[in-house]
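**Q** next input, structure requested:
(chains A and B)
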Amino acid sequence: MFDRAKFWRYTRYTVLTVALLAAFFTLYLDFRVRSEFEGRRFALPARIYARPLELHAGLRIAQIDVVRELQEAGYSQGPREGDPGWFANDNDWLEVAIRPFVFWDGLQPAKRVRVAFDSGVVKAVQDAEGRELPLARLEPLAIGGIYPANNEDRVLVRLSEVPKPMVQALIANEDRNFYSHHGFDLRGIARAALTFLRLKGLQGGSTLTQQLVKNFFLTPERTLSRKVTELFMAVLLEMHYDKDEILETYLNEIYLGQDRDRAIHGVGLAALFYFGKTVEHLTLAESALLVGMVKGPTFYDPFRNPERALERRNLVLRETKDRGYATMEEYSKARAADLGVNQKAAMGTSPHPAFLDLVHRQLRRDYDETDLRSEGLRVFTTLAPRVQQAAERALERKIAQFDRGKIFGEPGLEGAVVVTDTQSGEVQALVGGRDVRFRGFNRALDAARPVGSLLKPAIYLTALADPAHYTLVTPIDDGPFVWKSRGAPDWEPTNYDKAFHGAVPLRMALAHSYNAATARLGTDIGVEKVLITIKRLGIERPLNPFASTLLGAADLAPLEVAQMYQTIASGGFRTPLRAIREVTTQDGRPLKRYALAVEQAFAPEPMYLITAAMQGVVREGTAQSLKNWVPPETAVAGKTGTTTEQRDAWFAGFTGDRLGIVWIGYDDNRAARLTGAGAALPVWGEMMAALAPEPLALPKPDGIENVLIDPESGLRADFACSGAVELPFALGSAPAESAPCASALGIAVEGMKQQAKSWMQRLFGR
Amino acid sequence: MRTLLAFLAVALAGCATVMQPPGSYPAPGPFPEPAPLPEPAARTENLAIAGLLDGARVDAAAGRLANAAASLERALRIEPRNPRLWQELARVRLKQGDYAQAESTAARSNSWAGSDNALRAENWRLIAHAREARGDAEGAKGALEAAERQR
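**A** Residues are numbered from 1 along each chain as shown, chains lettered A, B, ... in the order given. Sure thing, here's the model as predicted:
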């Protein structure tokens, strides 16, 4: 039996329920649209910059290196009127139109500079009118970012900055009725529906608003229900916001390509990424290329598929002209232009992940991880691109060579490099492994490995700080040595050449890295005392107070070793290693400066003496082979390190301007059969040779005198002694006795010279 | 008589250098001929330093101490061995109230000061200021004495 009343009642209930549900759903969507769109701020990655290149007369740099850096910053060759971001050069001159850039100390507006070079040196810097400039600061290279979880990268732009032809091309091609529809376009939907009914799947027909909703709020799956939700939300969005707001958000949101693991979003970043210019300088042709890529940034990738991209661009151009947004003349001109994209090496989230890792860790001490990944902070670092490149190349090349010679199977040899500025402690380069682009285990920071002989300078420094007992010529016994301590097995260090050398002058014991002599010296002074020196040199990790620590039974990461040698390289001033100079907000407001800090940890005299002894290591000791890369005049101070069974090869050394630490070994601690001098030193040498190092010349402290010494006897020499060497001594610590070779006449002359000197001083008051 | 002796000694000393047998010394010693210190900055290079130094002084006078320090650090990257720049930085640190840094930065300046006694004396006076500000009267006195000795 059919109950009419009941039927209508049920129908009413059903309709009511559906209407109610629909209302709730709409309300819910409305809430989402408003709250999310309103509160929506694009997560902007922290942007990391290398140090800016500062050009001034007298700077040692070849034109080619400046050009390379400009190219990497996306500068193109050949003048371009009214639009910075280019350079032009001939043999002697380089002209650069520097883009405007907001530095830590404010905006540096766009400017033109002319730079003269002469054999690897900057001769003059001028402005466009030929007036001399004291200093020209180039735009720093962007070397990566700290990205939101999805690695989305973007540079926000305002609608007013986007050139009109770009907006017009976009509207002509993606959503002709954008300015008149209410979030959806019936004709578009009809078209989409038709293809759907023909069982050809769901496709386009979306308005810009719908596309934005899709990217913003929804998952990428293509179902009918999702399509309906998208439609609802688009309409709601249009109700709450005006067209310009929607368009601006769209232009910043749109996905326009991939740079390795980094996703290129928005026209602001795309303009920089593809054309090396800011968005307001894009031409019609360039705008059309980007608009064309909206449909499929991978399919129309102008780097990978230039022909396809060109075809697509021209289609966009024709559509733009046909809709009346471009004249025939503009159209033909744009059509004739080539793609104009700047081909450069893929960078991904960073080309130098190991250095970025260091920066990230230093930032984490002061900033929230979420802020780093979303606030668009700008971080100015100390990375010197040229040094980084030299370090990467040397490590890659040498490791490939060693691997070829030593077949120890997989995984292959590994290595790490740290380079710092000797005076400021700024980290100029950091390499964390043989695959320099690999983001992963960062050996420069995290591979704590036995350092072997690298701790020896600390022992000799401790000795030389006590000039009453130790000088560079004090004989040290390199006979067999046994160290007994209760509860531990006897310690009997042997030398690398398996021989003992009897009494050797202190400086020679270091130069040849004699273990027995060093162990004897270290235990004579006292392990505790040496450990205090190591700590004062900047090693914070506690080391075991065992005698074996003296010979490097201590695990340190390359960066820690760098900190220790930094103190020696800067003459006893401990300078914390820094990778960051400044941090600003997204719009350039300074947040924090990481200032240069120095702390005098040692008197200048012992530092001068240990540096002299370390120069001996390179000149006549274990690091002699360095002369194959760096001329002897550079007077490098260094130390090799090789550990038991040659598992680790180290070289630490410094010139006048740079300190470098190199480690080579296997991750799984296999015996590498490579020595510090054989494996780590060549990397160091090749890297430094590429950087034209400054000679090392420490200023002689007041408390140091140079005395001529006969190396045979270790006593005072004069001109009659052949092979005599001039050595530095703390005042009053040089041997008083004369060597047998010193002639009576010579001694008399020396004495008279001294007397004459003091008379002259009295006579002339100085 | 004295003068005569002195003359004789000098003459002999001169002989000594001449008499030096070839190849005897200086043989390579741990410090061979100390490599020449970088030449005194060329005029134009001074221009870069001078510009930054002027800027730093203006900033320091106006109390923009962080900017002053930044300019000086920029200058130090160009001429890291210029003791005047280190001294100026020490002065800024003193104004910033960072007395420990003021003292060690002045000491850094001293390490590059060579024979410039006036500069050293000024560094010691800066150190004295810094120590006094930290309440180390004894140390300040010592520093002032050191300043006096630089004549």
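**Q** give me the mean pLDDT for the helix or strand hosting A:Val228.
**A** Applying DSSP states H and E as the criterion places A:Val228 in helix A:224-240. The average pLDDT within helix A:224-240 is 85.
**Q** now it: how far from the chain's centre is it?
**A** When distances are taken as CA atoms, centre = their mean, to the nearest Å, helix A:224-240 is centred 45 Å away from the chain's centroid.
**Q** and what of stretch A:676-693?
**A** Here stretch A:676-693 is found 19 Å from its chain centre; the criterion is CA atoms, centre = their mean.
**Q** circling back: which residues sit against the helix holding A:Val228?
**A** Contact with helix A:224-240 is made by A:25-26, A:29-30, A:32-34, A:37, A:181-184, A:202, A:206-207, A:209-210, A:212-214, A:217-219, A:246, as judged by CB atoms under 8 Å, 6 or more residues apart in numbering or on different chains. C-beta coordinates here come from the backbone N, C-alpha and C atoms, glycine included.
**Q** so the most centrally placed residue in chain B, which of the three states?
**A** Of all residues in chain B, the one closest to the mean position by CA atoms, centre = their mean is B:Ala113, 1.8 Å from it. Look at B:Ala113: counting by DSSP: H, G, I helix; E, B strand; the rest coil, its state is coil.
**Q** next: A:Glu582.
**A** strand.
**Q** picking that back up, buried by neighbour count, from the contacts of helix A:224-240: which ones?
**A** Buried subset of the contacts of helix A:224-240 (neighbour count, 16 or more other CB atoms under 10 Å in any protein chain shown): A:29-30, A:33, A:37, A:181, A:183-184, A:206-207, A:209-210, A:212-214, A:217, A:246.
**Q** which of those residues fall within strands?
**A** With DSSP state E as the criterion, strands contain none of those.
**Q** of all these, which comes closest to chain B?
**A** Closest approach to chain B among these (CB to the nearest CB): A:Phe37, at 39.0 Å.
**Q** roughly how far does the closest one sit from A:Val155?
**A** 21 Å (CB to CB, to the nearest Å).
**Q** using PDB, list the CA coordinates for the helix holding A:Val228.
**A** Provided in PDB are the C-alpha atoms of helix A:224-240 (Å, rounded to 0.1, in the frame of the first residue of the first chain):
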ATOM      1  CA  LEU A 224      34.400  14.400  -9.800                       C
ATOM      2  CA  SER A 225      33.700  15.200  -6.200                       C
ATOM      3  CA  ARG A 226      37.000  17.100  -5.900                       C
ATOM      4  CA  LYS A 227      36.100  19.000  -9.100                       C
ATOM      5  CA  VAL A 228      32.800  20.100  -7.400                       C
ATOM      6  CA  THR A 229      34.500  21.200  -4.300                       C
ATOM      7  CA  GLU A 230      37.000  23.100  -6.300                       C
ATOM      8  CA  LEU A 231      34.200  24.900  -8.100                       C
ATOM      9  CA  PHE A 232      32.500  25.800  -4.800                       C
ATOM     10  CA  MET A 233      35.700  27.100  -3.400                       C
ATOM     11  CA  ALA A 234      36.500  29.100  -6.500                       C
ATOM     12  CA  VAL A 235      33.100  30.800  -6.300                       C
ATOM     13  CA  LEU A 236      33.600  31.500  -2.600                       C
ATOM     14  CA  LEU A 237      37.000  32.900  -3.200                       C
ATOM     15  CA  GLU A 238      35.700  35.300  -5.900                       C
ATOM     16  CA  MET A 239      33.000  36.400  -3.400                       C
ATOM     17  CA  HIS A 240      35.500  37.500  -0.800                       C
END
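**Q** could you point out which element follows the helix ranked longest in chain A?
**A** Longest helix in chain A by number of residues (criterion: DSSP state H): helix A:4-39. Remark: after helix A:4-39, the chain's next helix or strand is strand A:46-49, criterion DSSP H and E.
**Q** give me the distance from that next one to the chain's centre.
**A** 11 Å.
**Q** fine by me, thanks again.
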